[in-house]
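K.L.:
Predicted model and sequence follow; I will ask about them next.
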Number of protein chains: 2
Amino acid sequence: MWDVESFLSRRRRGFRFEEERRVVEEIIAAVREGGDEAVRSYTKTFDRMELGDLRMPEAWFEAAEAKVTDEFRAVIREAIGNIRRFHEHQRRSSWFMSEEDGRFLGQVVRPIRRVGVYVPGGRAAYPSSVLMNVIPAQVAGVKEVAVVTPTPEGQWNPGVLVALRELGVREVYRIGGAQAVAALAFGTETIRAVDKIVGPGNLYVALAKSAVFGRVGIDMMAGPSEILIVADEAADPEWTAADLLSQAEHDPMASAVLVTPSKTLAQGVMKAVERRLAKLPRRDIARQSMEQQGGILLVDSIEEAVAVANLVAPEHLELMVADPHRWLGMIESAGAVFLGPWSPEPVGDYFAGPNHVLPTGGSARFASPLSVDDFVTRMSVIQYSEAALRTQAARIALFARAEGLEAHAQAVEARMERGGRGRDGAAR
Amino acid sequence: MWDVESFLSRRRRGFRFEEERRVVEEIIAAVREGGDEAVRSYTKTFDRMELGDLRMPEAWFEAAEAKVTDEFRAVIREAIGNIRRFHEHQRRSSWFMSEEDGRFLGQVVRPIRRVGVYVPGGRAAYPSSVLMNVIPAQVAGVKEVAVVTPTPEGQWNPGVLVALRELGVREVYRIGGAQAVAALAFGTETIRAVDKIVGPGNLYVALAKSAVFGRVGIDMMAGPSEILIVADEAADPEWTAADLLSQAEHDPMASAVLVTPSKTLAQGVMKAVERRLAKLPRRDIARQSMEQQGGILLVDSIEEAVAVANLVAPEHLELMVADPHRWLGMIESAGAVFLGPWSPEPVGDYFAGPNHVLPTGGSARFASPLSVDDFVTRMSVIQYSEAALRTQAARIALFARAEGLEAHAQAVEARMERGGRGRDGAAR
C-alpha cells in the first residue's frame, strides 16, 4: 500500500523508439513509392504470406461464419444494437443563426468521406475492436469504411471476420503493420487513400499512424489499459479483486489500482487477488501488472479518493461507494465511469454500448472516448447581406488596420466603393 | 492559369526540422529541470529581457488602455459579443439514457480544468488571436485560463493587452517560445502546469507543442493561410482580386486561388490583382504568395469548381456564385465557407463570430475549426442494475471468453456467485 504522495510521484518514463521510427519511415517511403508490390513484399517478410489479391477472400468470410456458434452470433448482434443505440445519441445536427440585419452564420456537420480502420490480427485480434471503431463511423454517416487486418501465415480470427460481416463492411484488406497504414494514407493501385485512420495496433502501427498524421487524420494513441477503483468499506473484496484483475490480465504494463479509506477492504482485496490470480490462464501477465503497476492506496475519505481519481484521470473509473451518483458530480476527468457494484468494467468493454476506445495515461484530462464526433467535420458558414456589410464595414476595416493587414481592410472597402454590383443588391 | 491535373499534382513537401527539434527538446528539458530560472535565462537570450516577475505587470495593462482609441475598444467589444454568441451555440449538454431493465448509460461533458493560451508577440501579435482562443475556452466553462505572450525587448502590443483585459483574463505571463510552452506543460515555481495548450506560434512554438503532446493536449498545427474562391462570370473582378490579396498578404507561403469557368473573370482578376498589389504595404509578401502559391484555375463548370474545392479542402472557401446555398450542400470539406458577394473572407477573421482558427493544408478533410468542443471532455457513464447484470451476465462472459479474456468473464461471474451483496440488491 502507498501513501498519496509516493503514489502520485510515480510517472511513466517516455521512450523515443528511434530505431523503430527509422524502420517505419523506411516502410512508409517504400509503400508510397512501390504501391501494392511494396505492400506484398513487406507482408511476405513480416506476415510470412505470399499475397496475390490484397482483399480478404470471400471464402474466408464464409469459413468464419461456419466456425462461430449461433450463440456468439446472437451476442455480437445484441452488442452491435447496444453500441449503435448509444452512439446514435452522439449525432449532431448542423445549425444556423440568422440575425435581423441579414447576417447568416452557422456550422455544417459532414461525415468524413473515407475512413480506414486498423484491426489487429494474430493473438490480439478482438471482434470488439471492429465494433468499437466501425460503428461510430457508420453512425456518423461515413460512406466508405476500408478495413485492414493482418492474417499472419494465413491465420485469421473468425470473430473478427464475422463482426465485419455483421456490420456490412465489404472493403477488407488482409494486410497489417506500418505497410498497411502507409497504404491507407497514400493509396496504392488497389487501395484508395483514406482521409482518416483509426484503430489500435502494435508499436509499429502506432508510429506509422503518427508519421502519416497531417496527411490524414488519426485517432489518439492508446497506452496500456488502466482501472482505478474507488471503494468504501461496504464494497465486496472478491468483486473488487476480480475487477482489478480484469484489467491486469490485459498487459504487464496495465495498471489496476484500488483507492479506499477502508483498511479492512484493502486487506480483503489483497487476499482475494492472490487467490484469484493463481487460477487465471493469463496469471503471469496479471501478476506482473499487479506487482509493478498495480496497488492499493489508503486514503482518509472518499473525498480524498475522488481527488486522487481526478489527478490520475484514469481510463476506467469504478465508483463502488454508497450513492455513486452523488460522487459522479465531483469527477472531473476519466474515460469511462462505472457506477455501483453491478457495473464491473467488462460490461463496458463490448456490450453496454459506450465506446471502449478511451483516453489513457492521464489524457482524460483533455481527451475523450472515441465517438461519432471523431468521424465528422464541422465547417463554419458565414453570409453577410449587403446591409450587414455596409453597417459593419468601417469597424471591420478598423480592426484589420489595427492588426496591420491593409489588404484585409481593402477587401471590405472594395465593396463599398460602387453601389450594389453584388447579386443580392438589386442594381446589377 | 492551370489545368485541373497540374493544379492537383502540386503538393507541399514535408520538412523535418531536425536541428530545430533538437534545440526545442533541449529547452524543454532545461525548463523541466530548472523551472523559473531556466525560463528567465531563455527569455534573456531570445527576448533580450531581464525578467524579475514572470507576470505581465499591471502597469503595462494600464498603459495599453491609454494607448488604444475608444473606437477600437468599441469594435473589440462588439467582436467579443459576436464571437461569444456564435460559440454559445456550440455548447453541449451531458445526456443519459435509462433502459427499462435498469441500465443507465450516458455521456457527461466537463470543461477542461486549466488551459494555457499562447499569444504571439512582436510583429505577428494579433488581438484577434486572443479573442479566438480565449472565448471558446470561457464559453466551455474552463475555470483557469493562463496566457503566455512574449514581450521581446519589453515591447508589447496594446491591442493584445486590451483584448486580454476585456475578456477578464488575469493570469498573463510575459514569456514566449519553447520555454513558455514547456513552462505551461510541466509547470514551474510560478506557473502551475495546464491540461491543454492552444494558440498559434512560430516554428519553435509549434515544435514545442508537438513535443509536449501527450503530457498535455494541444490544438492542431496551423499551416500557411489559404483561400479558394469559386466564382462565376457575374462575380466582380475587383472584389475577387481584393479577397485573394487579403490572404496573400499574410505570408509568402499563403495560398490564394480562384477557380472559375469564366475566362473573362479570370482575365479581369489578373489585371485587378496587378493593379491592387502595387499599392499594398505588404506587396512583397503578397506578390511572392500570388506568384508561387496562388493562381487561377479554369474549369468547365461550377460543378467542377466545387469538386476541386472538395479535393483541396481549403481553409477558407468563398462561393461567389448564383444561389450559393445550393452549392453549399455539395461542399464536403472546408474550414469556413463564405457565401455570396457580401461576405469577403476578412469578415470572418475577427468580427462575424465563427472562429478563425481553421484547418489548413487539406486537413479540413478530417479536422474542424477550433470550437467549444476543444475545451471540454466527455466521459462515458455506465451503471447496471442487479437485474440488468443478471440478465446479461452469461452473454458478457461468453464474449469475454471469445476474446480470450478469462478474468473479464470472472469479474461478471463473481457477482452471480452469491446473491445480492451489492448495494442496490436488498439483501446485504
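P.N.:
Okay, I see it.
K.L.:
all contacts plus neighbour counts: C-alpha atoms, from now on.
P.N.:
Fine.
K.L.:
continuing past the helix-or-strand element of chain A with minimal mean pLDDT, what's the next helix or strand?
P.N.:
Ranked by mean pLDDT, DSSP states H and E, the helix or strand of chain A with the weakest confidence is helix A:4-9, at a mean of 61. Stepping forward along the backbone from helix A:4-9, the first helix or strand reached (DSSP states H and E) is helix A:18-34.
K.L.:
what mean pLDDT would you report for that next one?
P.N.:
Averaged across helix A:18-34, the pLDDT comes to 95.
K.L.:
repeat for stretch A:286-302
P.N.:
With pLDDT averaged residue by residue, stretch A:286-302 scores 94.
K.L.:
Now it: buried residues?
P.N.:
Within stretch A:286-302, the residues that qualify as buried are A:286-290, A:293-299, A:302, counting by 16 or more other C-alpha atoms under 10 Å in any protein chain shown.
K.L.:
counting contacts, what elements does the helix or strand A:Asn82 falls within pack onto?
P.N.:
Of the helices and strands defined by DSSP H and E, A:Asn82 is found in helix A:70-88. Applying 3 or more C-alpha pairs under 8 Å, 6 or more residues apart in numbering or on different chains; DSSP states H and E, one finds that helix A:70-88 contacts helix A:127-140, helix A:158-166, helix B:386-402.
K.L.:
so A:Trp342 touches B:Tyr384, yeah?
P.N.:
Yes: in this structure, A:Trp342 is within contact of B:Tyr384 by C-alpha atoms under 8 Å, at 5.4 Å.
K.L.:
Neighbour count for these two, which is higher?
P.N.:
With other C-alpha atoms under 10 Å in any protein chain shown as the criterion, A:Trp342 and B:Tyr384 differ in neighbour count, and A:Trp342 comes out ahead with 29 against 26.
K.L.:
show me the contacts for the more buried one.
P.N.:
Applying C-alpha atoms under 8 Å, 6 or more residues apart in numbering or on different chains to A:Trp342 gives the contacts B:383-386, B:389, B:415, B:422.
K.L.:
cutoff 7 Å now
P.N.:
Taking C-alpha atoms under 7 Å, 6 or more residues apart in numbering or on different chains as the definition of contact, the neighbours of A:Trp342 are B:384-386, B:389, B:422.
K.L.:
give me the beta-bridge partners of A:Ser380?
P.N.:
A:Ser380 has these beta-bridge partners by DSSP bridges: A:Gln107, B:Ala336.
K.L.:
which residues sit in contact with it?
P.N.:
For A:Ser380, counting by C-alpha under 7 Å, 6+ apart, the contacting residues are A:106-108, B:335-337, B:354.
K.L.:
which stretches of the stretch 151-300 of chain A form helices?
P.N.:
For the stretch 151-300 of chain A, the helices defined by DSSP state H, counting those that start in this stretch occupy A:158-166, A:177-186, A:203-212, A:237-248, A:263-277, A:283-292.
K.L.:
of all the ones you listed, which lies closest to chain B?
P.N.:
Among those, helix A:237-248 comes nearest to chain B, with 4.6 Å by C-alpha to the nearest C-alpha.
K.L.:
So which elements touch that closest one?
P.N.:
Contacting helix A:237-248 under the criterion 3 or more C-alpha pairs under 7 Å, 6 or more residues apart in numbering or on different chains; DSSP states H and E are the following elements: strand A:226-231, strand A:255-260, helix A:263-277, helix A:283-292, helix B:406-417.
K.L.:
Which one of the ones you listed lies nearest to B:Ala234?
P.N.:
Nearest to B:Ala234 among these is strand A:226-231 (60.6 Å), distances taken as C-alpha to C-alpha.
K.L.:
So which residues on the stretch 101-250 of chain A come close to chain B?
P.N.:
Near chain B, the residues belonging to the stretch 101-250 of chain A are A:110, A:112, A:126, A:195-196, A:214, A:217, A:239, A:242-243, A:245-246, A:249 when assessed by C-alpha under 7 Å from any C-alpha of the partner chain.
K.L.:
Dump the residues you listed to CSV, plus pLDDT and neighbour count.
P.N.:
Converted to CSV, these look like this (pLDDT from 0 to 100; neighbours: other C-alpha atoms under 10 Å in any protein chain shown):
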residue, pLDDT, neighbour count
A:Arg110, 97, 23
A:Ile112, 98, 26
A:Tyr126, 91, 23
A:Asp195, 98, 24
A:Lys196, 98, 29
A:Gly214, 90, 21
A:Gly217, 96, 24
A:Trp239, 97, 25
A:Ala242, 97, 28
A:Asp243, 97, 30
A:Leu245, 96, 32
A:Ser246, 95, 24
A:Glu249, 93, 29
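K.L.:
which one of these is nearest B:Ser41?
P.N.:
Distance to B:Ser41, by C-alpha to C-alpha, is smallest for A:Gly214 among these, at 33.8 Å.
K.L.:
Tell me who's in contact with the closest one.
P.N.:
With contacts taken as C-alpha under 7 Å, 6+ apart, A:Gly214 has the following neighbours: B:Ser363.
K.L.:
Look up how far B:Met221 lies from it.
P.N.:
9 Å (C-alpha to C-alpha, to the nearest Å).
K.L.:
now A:Ala38
P.N.:
When distance is defined by C-alpha to C-alpha, A:Ala38 is 31 Å away from B:Met221.
K.L.:
what does A:Pro369 give?
P.N.:
Relative to B:Met221, A:Pro369 is positioned 22 Å away (criterion: C-alpha to C-alpha).
K.L.:
So which of the two has more stuff around it?
P.N.:
The residue with more neighbours, out of A:Pro369 and B:Met221, is A:Pro369; 25 against 19, by other C-alpha under 10 Å.
K.L.:
Look up the pLDDT of the more buried one for me, please.
P.N.:
At A:Pro369, pLDDT is 98.
K.L.:
same thing with A:Gln247?
P.N.:
Reported pLDDT at A:Gln247 in the predicted model: 94.
K.L.:
right, and it touches A:Ala256 too?
P.N.:
Yes: between A:Gln247 and A:Ala256 a contact is recorded at 6.3 Å, counting by C-alpha atoms under 7 Å.
K.L.:
Mind listing the shared neighbours of these two?
P.N.:
With contacts taken as C-alpha under 7 Å, 6+ apart, the residues that reach both A:Gln247 and A:Ala256 are A:226-227.
K.L.:
Which pair in the buried residues of stretch A:286-302 has the greatest spatial separation?
P.N.:
Taking C-alpha to C-alpha, the two most distant members of these are A:Gln288 and A:Ile302; they sit 28.1 Å apart.
K.L.:
How about A:Glu20: what's its closest non-neighbour residue?
P.N.:
A:Tyr204 (6.9 Å; C-alpha to C-alpha, 6 or more residues apart in numbering or on different chains).
K.L.:
Now do the same for the one you found: its pLDDT.
P.N.:
Confidence score, pLDDT, at A:Tyr204: 94.
K.L.:
ok so, going back, ok, which of the contacts of A:Trp342 also contact chain A?
P.N.:
Answer for the contacts of A:Trp342 near chain A (C-alpha under 7 Å from any C-alpha): B:384-386, B:389, B:422.
K.L.:
Using JSON lines, lay out those residues together with pLDDT and distance to A:Glu19.
P.N.:
Written out in JSON lines, the entries for these read as follows (pLDDT from 0 to 100; distance: C-alpha to C-alpha, whole Å):
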{"residue": "B:Tyr384", "pLDDT": "97", "distance to A:Glu19": "46"}
{"residue": "B:Ser385", "pLDDT": "95", "distance to A:Glu19": "50"}
{"residue": "B:Glu386", "pLDDT": "95", "distance to A:Glu19": "51"}
{"residue": "B:Leu389", "pLDDT": "96", "distance to A:Glu19": "47"}
{"residue": "B:Gly422", "pLDDT": "51", "distance to A:Glu19": "51"}
